[in-house]
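Q: have a look at this prediction, sequence included:
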Amino acid sequence: DAKTTQPPSMDCAEGRAANLPCNHSTISGNEYVYWYRQIHSQGPQYIIHGLKNNETNEMASLIITEDRKSSTLILPHATLRDTAVYYCIVERSGGGADGLTFGKGTHLIIQP
Amino acid sequence: DAGVTQSPTHLIKTRGQQVTLRCSPKSGHDTVSWYQQALGQGPQFIFQYYEEEERQRGNFPDRFSGHQFPNYSSELNVNALLLGDSALYLCASSFRQGWAEAFFGQGTRLTVV
């Protein structure tokens, strides 16, 4: 079973920031938070990951609460191409053969 | 860089038949994992290959088997196909079994009739 809880769907206006929440209240100390997205008919795409500090890359920012029980993925200026299913995943990093456990994710729809 | 390449892109098989799907990992990656994605669901982990050995398996029966070659490419074999095996099969490559920046292929759409 997925270790995360996400809203099934969200809407966001084009050009605005999209904030996608994720709850992971049972996260362990050695587990990272990963975000992937899947655009229709394509394979999942890695977005960003973090342990406890906030992270930013060219695609998005990841904000993790101090207790690490929840996080928010921020797409700063959403475009229509950001419409996709976004998966929040909690897993160990840097080794180990455990597969990523995908839940149902959040279907983000960017409105023109 | 071609990224992760999967073949074929689409496949139709008859119940009871066997199928082989292929995956070439991203350049520099040595680990290949396979996932099954049913319609409307998230991908489900099948197994991972690293150093030509199966390292971990998800909750899938022995009808699902695989292989990794010295060049790190991989095959997924499914025997005695069932209608329920119809799904998108995804291959993901990474480095040394890590999940940071794993790359997924576009998948093979398998339809069992």
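A: Now that the structure is in, tell me what you want to look at.
Q: hang on, isn't A:K3 packed against A:S28?
A: No - in this structure A:K3 lies outside contact range of A:S28 using Cβ atoms under 8 Å: 9.1 Å. Using the backbone N, CA and C atoms, a C-beta is placed for each residue, glycine as well.
Q: neighbour count: these two, which is higher?
A: More crowded of A:K3 and A:S28, by other Cβ atoms under 10 Å in any protein chain shown: A:K3, with 17 against 10.
Q: what's opposite the closest residue to that one other than its chain neighbours in the beta bridge?
A: Nearest residue to A:K3, sequence neighbours excluded (Cβ to Cβ, 6 or more residues apart in numbering or on different chains): A:V90, at 4.6 Å. In this entry, A:V90 is beta-bridged to A:V33, by DSSP bridges.
Q: residues contacting A:V90?
A: A:3-4, A:24, A:27, A:31-34, A:101 (Cβ atoms under 8 Å, 6 or more residues apart in numbering or on different chains).
Q: most neighbours, which of those residues?
A: Most surrounded of the contacts of A:V90: other Cβ under 10 Å gives A:V33, at 25 neighbours.
Q: centroid-nearest residue for chain B?
A: B:W34 (3.2 Å; Cα atoms, centre = their mean).
Q: grab the nearest non-local neighbour of that one.
A: In space, B:W34 is closest to B:I46, 4.3 Å off (Cβ to Cβ, 6+ apart).
Q: summarise which helices and strands the helix or strand of chain B with the lowest mean pLDDT is packed against.
A: Least confident helix or strand of chain B, by mean pLDDT, DSSP states H and E, is strand B:53-57 with a mean of 90. Contacts defined by 3 or more Cβ pairs under 8 Å, 6 or more residues apart in numbering or on different chains; DSSP states H and E place strand B:53-57 against strand B:44-50.
Q: list the helices and strands the strand it packs on packs on?
A: strand B:31-37, strand B:53-57, strand B:64-68.
Q: could you tell me the least trusted of those strands?
A: Lowest mean pLDDT within the helices and strands packed on strand B:44-50: strand B:53-57, a mean of 90.
Q: can you pull the contacts of the residue nearest to the centre of chain B?
A: Per Cβ under 8 Å, 6+ apart, neighbours of B:W34: B:23, B:45-48, B:66, B:74, B:76, B:89-92.
Q: before we move on, the earlier item: okay, now the residue nearest to B:W34: neighbour count?
A: B:I46 has 23 neighbouring residues, counting by other Cβ under 10 Å.
Q: distance-wise, check it relative to A:S71.
A: Taking Cβ to Cβ, to the nearest Å as the measure, B:I46 falls 27 Å from A:S71.
Q: same check on B:V19?
A: 38 Å.
Q: who are the contact partners of the residue in chain A positioned nearest to chain B?
A: Scanning chain A for the residue nearest chain B gives A:G99, at 2.7 Å (criterion: Cβ to the nearest Cβ). By Cβ under 8 Å, 6+ apart, A:G99 lies in contact with B:33, B:35, B:45-48, B:56, B:58.
Q: these two touch, right, A:R16 and A:P76?
A: No - with contact defined as Cβ under 8 Å, A:R16 does not reach A:P76; the gap is 9.2 Å.
Q: most tightly surrounded among the helices and strands packed on strand B:44-50?
A: Each of the helices and strands packed on strand B:44-50 was scored by mean neighbour count; the highest is strand B:31-37, a mean of 25, by mean count of other Cβ atoms under 10 Å in any protein chain shown.
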